[in-house]
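**Student:** this one's structure only:
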Ligand code: ADP
Ligand code: MG
C-alpha cells in the first residue's frame, strides 16, 4: 500500500511540478500562456510523460503496474491541439517501445487514439466552463482507461469482474488527477487574464488622462492658427505675406501633430530612434516654431550660441518637445512680456543649454515639486509639460538644474554629455 501511494505521488508530482514551474517562469500578463506557447507546452508534457513511463507504480495486486501518462497526453492534446498531441505521441511511443513488455502494443494503440481523437474535442473544450471542462477530461480519461481494460480482456483474457476493483481505483485515481490538472491550468490561465485586464485598465487610465491634457495643450497652436486665419480673412495681404502666413500656419499644424505624437509616444514605454542632434540648429527650429506664441505674449528671444558644433544623442522630436515645454512655461511666466535668454555652450566637456526667463519665478517648494505629474500652479495647467521634459532629458542621459527667484525669473539649465564620433 505504501509503495503504491509513494509511486502515485511521484507520478502526480511529475505532472503537477512542470506546470507550476512553468507558471512561475512564464511572463506575467501573457494571455493564456498554456494555449499560446505550444513548444514549451510540448516539452513540459513530454518530460511528464517520460517520467511517468519510467516510474510506474503498483495498484493493489502485485502484478498490476500503472502510471499516469494519459493525463499529460490528454491535457496536452486539449490545450495544444494536433501538433502537440502528435509530438507527445511520438515521444511517448518511443519510450514505451524501449520499455517493451506484453502490453506495449495496447499501450501504443491507446496513446495513438488519444493523440488522434482528443484534439478534435479541443474547440469544444475551449468553449465550455470550468465545471464542464472537469467533466469532459474525466470522461475522456474513463474512455481511455476502458480501452485498455477491454483490450486486456480481449487479448490477454483478463477476467473483467476480477479486475473491477483495480479498474475502479485506477479510474478514480487518474480521474481525480486529470481534473486537478485541468483546473490548475485553468486557474493559472484566469490569473493571467486578470493580470492582463488590470494592466490594460491601468494603461487606459493613463492614456485617458493624457488624452484630456493633450487636447488642452493643443489649444496654443490652434489659437495661433486661428489668429493667422483671421488675419488673412480681414485684410488683403500681398501674395508674399500670405505665403509667409501659410508657412507659419503649416508649422503650427505640424507642431500640434508632434505634440500629439509625443504625448502618445510618452504613454508608450518605447523610446524613439536615437540620432545625432545638432543642438544649435535644433534650438533655432524650436524658436521658429515658438516665435508666434512668444511675440503674441510680447516676449523676445535673445539667443547666444556657442561657436562650436554641439552634438548630443537622442530622439530629435522628443528633444524638441522637452525644449518647447520649458519655453512655453517661461513665456507663460512672463504675462507682461520680457526677454527670454537662451545660451548654449560647451563647458568642461558637457553641453549646456540655459533657458532663462524674466518671469514670476518659483518658491523653493515649487522648484522641488516641478516634474511631478499633475503639479501645476496654473488655473488651466496640466502639470504634464515638465514631467514629459524630465522624462525625455533623463532618457538622453541629461540633467536639469533649476534656479529660480520669485518675481525675478527662472533659469533652466540642461546638461548633456557631449557626443563625439
Ligand atoms: P503646466 O505648465 O501645465 O502648469 P508644467 O509641468 O509645464 O505644467 O509646469 C508645472 C509648474 O511649474 C507650472 O504650473 C509652474 O507653476 C511651474 N513652472 C514651470 N516653469 C516655470 C517658469 N519658467 N517660471 C515659473 N514657474 C514655472
Ligand atoms: Mg507647461
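**Tutor:** Alright, I've got the coordinates. What you are looking at is a predicted structure, and each value in this text was computed from that prediction instead of being measured. Numbers count the residues shown, from 1 in each chain. Ligands and ions are numbered 1, 2, ... in the order given.

**Student:** got the residues of this protein near ligand 2?
**Tutor:** With C-beta under 5 Å from the ion as the criterion, the chain meets ligand 2 at residues 329, 385. (C-beta placed from N, C-alpha, C; glycine too.)

**Student:** which element is encountered next along the chain beyond the helix or strand of the chain with the lowest mean pLDDT?
**Tutor:** Taking mean pLDDT, DSSP states H and E as the measure, the helix or strand of the chain with the lowest value is helix 33-36, at a mean of 63. Proceeding N to C from helix 33-36, the next assigned helix or strand is helix 38-54, under DSSP states H and E.

**Student:** which positions within that next one qualify as buried?
**Tutor:** Buried residues in helix 38-54, counting neighbours by 16 or more other C-beta atoms under 10 Å, are found at 38, 40-42, 44-53.

**Student:** do the same with stretch 306-316
**Tutor:** 306, 310, 311, 312, 314, 315, 316.

**Student:** hmm, the last one is touching residue 274, no?
**Tutor:** No: checked against C-beta atoms under 8 Å, the pair residue 316 and residue 274 is beyond contact range at 9.6 Å.

**Student:** look up how far residue 348 lies from the residue nearest to residue 289 when sequence neighbours are not counted.
**Tutor:** The shortest distance from residue 289 to any non-neighbouring residue, by C-beta to C-beta, 6 or more residues apart in numbering, is to residue 255 (5.0 Å). The gap separating residue 255 from residue 348 is 34 Å, by C-beta to C-beta, to the nearest Å.

**Student:** looking at these two now, which is surrounded by more residues?
**Tutor:** The neighbour count for residue 255 versus residue 348, taken as other C-beta atoms under 10 Å, is higher for residue 255 (23 against 7).

**Student:** contacting residues for that one?
**Tutor:** Residue 255 is in contact with 221, 289, 324, counting by C-beta atoms under 8 Å, 6 or more residues apart in numbering.

**Student:** Three-state assignment for the second one, please.
**Tutor:** Per DSSP: H, G, I helix; E, B strand; the rest coil, the local secondary structure of residue 289 is helix.

**Student:** next one: the first one
**Tutor:** The assignment at residue 221 comes out as helix when based on three-state DSSP.

**Student:** number of nearby residues for it?
**Tutor:** Neighbours of residue 221 (other C-beta under 10 Å): 22.

**Student:** ok, now residue 292?
**Tutor:** Residue 292 has 21 nearby residues by other C-beta under 10 Å.

**Student:** likewise for residue 375?
**Tutor:** By the criterion of other C-beta under 10 Å, residue 375 has 16 neighbours.

**Student:** how close does it get to residue 383?
**Tutor:** Taken as C-beta to C-beta, the spacing of residue 375 relative to residue 383 amounts to 5 Å.

**Student:** and the stretch 201-350 of the chain, which residues reach ligand 1?
**Tutor:** Taking C-beta under 6 Å from any ligand atom, the part of the stretch 201-350 of the chain that reaches ligand 1 is made up of 325, 329, 330, 333.

**Student:** so what's the second one up against?
**Tutor:** Residue 329 makes contact with 385, 386, according to C-beta under 8 Å, 6+ apart.

**Student:** and it, what pLDDT?
**Tutor:** pLDDT recorded at residue 329 is 92.

**Student:** a helix runs through it, doesn't it?
**Tutor:** Yes: assignment of residue 329 by three-state DSSP places it within a helix.

**Student:** how many residues are close by residue 11?
**Tutor:** Count around residue 11 with other C-beta under 10 Å applied: 25.

**Student:** let me know the pLDDT of it.
**Tutor:** So, for residue 11, pLDDT stands at 83.

**Student:** run through the residues that contact it.
**Tutor:** By C-beta under 8 Å, 6+ apart, the neighbours of residue 11 are 51, 52, 55, 56, 57, 67, 68, 177.

**Student:** for residue 103, see how far away the second one is.
**Tutor:** Applying C-beta to C-beta, the value for residue 52 to residue 103 is 15 Å.

**Student:** what do you get for the fifth one?
**Tutor:** When distance is defined by C-beta to C-beta, residue 57 is 15 Å away from residue 103.

**Student:** the two: who's more crowded?
**Tutor:** residue 57 (20 against 17).

**Student:** that one against residue 8, yeah?
**Tutor:** Yes: with contact defined as C-beta under 8 Å, residue 57 counts as touching residue 8 (5.3 Å).
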